[in-house]
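Asker: Sharing a model that was predicted from the sequence below.
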Amino acid sequence: QVFYILSGSETVYANGVPLKRGDNNDYIVDYTNGEILFTPLFPVNANMRFTIDYQIAENSYTRFITYDGVQVSNEKLDISVNYYNETDSKSRPVEQDLTEFQQNILSEAGDNKLKMISPSEVPAAYESNKILYKKNLVNGAAVNEYSNDPAGELYEVRFSLVGKNKGDYEIVTTLAAGRVFAYVPPLDGKKQGSYAPLIQLIAPESYQIADISADYQPNDKIELKAELALSVFDQNLFSDLDDDNNNGFASKILYEQLLVDKDWDLKGNVNYEYVADNFRTIERYRNIEFLRDWNLIDPLLFLEQDQQFAGAGLNFSDKKESRLLYRFENLRFNEAYQGSRNTLSGTYQMKNTRVDLDANLLNSDTRIDETNFLRSFLALKQNAGKGWVGARTAFERNEIEDKVNGNLNLLSHQLFDIDGFTGIGDSTKTFAEIGYRYQKTDSVRYNNLTNFNQANTYYARLKMEPFKDGTFLLNTNYRKVDNVFADDEESINGRFTYN
């Protein structure tokens, strides 16, 4: 199947934080080769994890997309109804011409893509600029053999890579018109090739979702929100098989109330969500770190599982920027997973001082393991005139224990990170900043969390405008990693620009 990544649609996340694209930011994209290239302004190391969201444009069938919606509201109540439809026209394929035989294959495949496979041989007239094949018998089996004989019965054949020792053909040469494949006979009954004269058929799909939501505010202190959604996802419009799992349902409700309204406000809220296993959304509706936040190590274990998510919280805040939030959440996938998480976060702002806190503890239980995941983050910044000084520290310890043998999963780890920095100037015009960062990483060794490395990083940033029409920029980073079980590492990168 051919698809194209839409330029500019991607979002690159490092440790859950979105990065900025551009030569003067964090990364650039090579769409031709499908590569993300990080600039010297964003040093990459082994302690980082990356996630990329992107949109694709498929062109297998002519596709019809419609969207309709209506909203009714008054002073206390808002109601919205929306409908979205995205349907392929099965009679108008774009990148594949389906024969009647191939349509029959799709009609009998249901939703199973492994059954949507077809022989690729198609009778063809001789053309000098095409790679064509003739049929030949080898040990009683009809095989495809390259031929440029215009008088023969010829076929146009497409080959697919199926894996080493899983096919009967290999590439023997490459001509101007394309690659030439040749039959490789089995040896002792074992296939010797990596390619097969087969193609993956793409079935036309239909996706529909209807949604109704309501927002009710009887007064300034109470708000009630509710939403219901129904999705219909047909993965193969040629087949009625497996259609019993097309329909899905989801709902959520949120109640929030202002409990105290003085110099400091106190708000309480409770929420509940239910998502049926067959419900499908157009785009991601959970945050990018959702799987990691809840230690959902293998999402395949939770397929065909209804999802229930409940939470309650208290939000204590002043009229400016300071706040303190406590929240309890519970996530369940039927009997396959149950997790509970306590979160405490806050911001304290007073004149030139700012403190940020975020800490949470997760306890989860699945059919195969139990986990305890503790994380904390604390940041302090003090401004003084044109200068500033600050520090950040982060800690996480994730223990994933096998229920059967008590062994730690190899994804268990512990990380300690502390960063100190100071600077002077205007961060948007002329400034200078230096900093130091220390990281300590523990991983599983002999069923214990053992120190694997310690990293020391020194960095500096400088921006000056020595002339009216020019800006001087300098970013540099030196990192030394002391590995316990491997060779030590050193790296330095930097970037200097003047424009």
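Answerer: Nice, thanks for sending it over.

Asker: what packs against the longest helix seen in the chain?
Answerer: Across the chain, the helix with the greatest residue count (assigned by DSSP state H) is helix 100-109. For helix 100-109, the packing partners by 3 or more Cβ pairs under 8 Å, 6 or more residues apart in numbering; DSSP states H and E come out as strand 117-119. C-beta: built from backbone N, CA, C; applies to glycine.

Asker: Go ahead and confirm residue 384 touches residue 353.
Answerer: No. Counting by Cβ atoms under 8 Å, residue 353 is not a contact partner of residue 384; they are 10.0 Å apart.

Asker: buried ones in the longest helix of the chain?
Answerer: Residues of helix 100-109 classed as buried: 102-103, 105-106, 109 (neighbour count, 16 or more other Cβ atoms under 10 Å).

Asker: quick one: the strands in the stretch 301-450 of the chain?
Answerer: 307-318, 323-333, 337-350, 353-366, 369-384, 387-402, 413-425, 431-445, 448-467 (DSSP state E, counting those that start in this stretch).

Asker: Past the longest one, which element shows up next along the chain?
Answerer: Just to be clear, that refers to strand 448-467. Next along the chain after strand 448-467, taking DSSP states H and E as the criterion, comes strand 470-483.

Asker: Go through the strands of the stretch 301-450 of the chain and name the closest to residue 96.
Answerer: The closest of those to residue 96 is strand 307-318. By Cβ to Cβ, the value is 35.4 Å.

Asker: Show me what the closest one is packed against.
Answerer: So strand 307-318, by 3+ Cβ pairs under 8 Å, 6+ apart, packs with strand 264-275, strand 323-333.

Asker: which stretches of the chain have low pLDDT?
Answerer: 1-3, 427-428 (pLDDT under 70).

Asker: Would you confirm that residue 53 contacts residue 10?
Answerer: Yes. Between residue 53 and residue 10 there is a contact at 6.5 Å, judged by Cβ under 8 Å.

Asker: out of those two, which sits in the busier spot?
Answerer: residue 10 (16 against 13; other Cβ atoms under 10 Å).

Asker: what's near enough to touch that one?
Answerer: 21, 29, 52-55 (Cβ atoms under 8 Å, 6 or more residues apart in numbering).

Asker: which residue packs closest to residue 297, ignoring adjacent ones?
Answerer: Closest residue in space to residue 297, ignoring its immediate chain neighbours: residue 411 at 6.3 Å, by Cβ to Cβ, 6 or more residues apart in numbering.

Asker: again with residue 464
Answerer: Nearest residue to residue 464, sequence neighbours excluded (Cβ to Cβ, 6+ apart): residue 472, at 4.4 Å.

Asker: Please report how far that neighbour lies from residue 47.
Answerer: Using Cβ to Cβ, to the nearest Å, residue 472 is found at 31 Å from residue 47.

Asker: quick one on the thing from earlier: as a markdown table, the helices and strands packed on strand 307-318 with distance to residue 70 and mean neighbour count would be great.
Answerer: As requested, those are exported to a markdown table (distance: least, Cβ to Cβ, whole Å; neighbours: other Cβ atoms under 10 Å):
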| stretch | distance to residue 70 | mean neighbour count |
| --- | --- | --- |
| strand 264-275 | 24 | 16 |
| strand 323-333 | 33 | 17 |
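
Asker: all helices of the stretch 151-300 of the chain, in order?
Answerer: 290-293 (DSSP state H, counting those that start in this stretch).

Asker: ranges for the strands of it?
Answerer: 154-156, 160-161, 169-175, 178-183, 195-196, 198-200, 206-216, 222-234, 247-261, 264-275.
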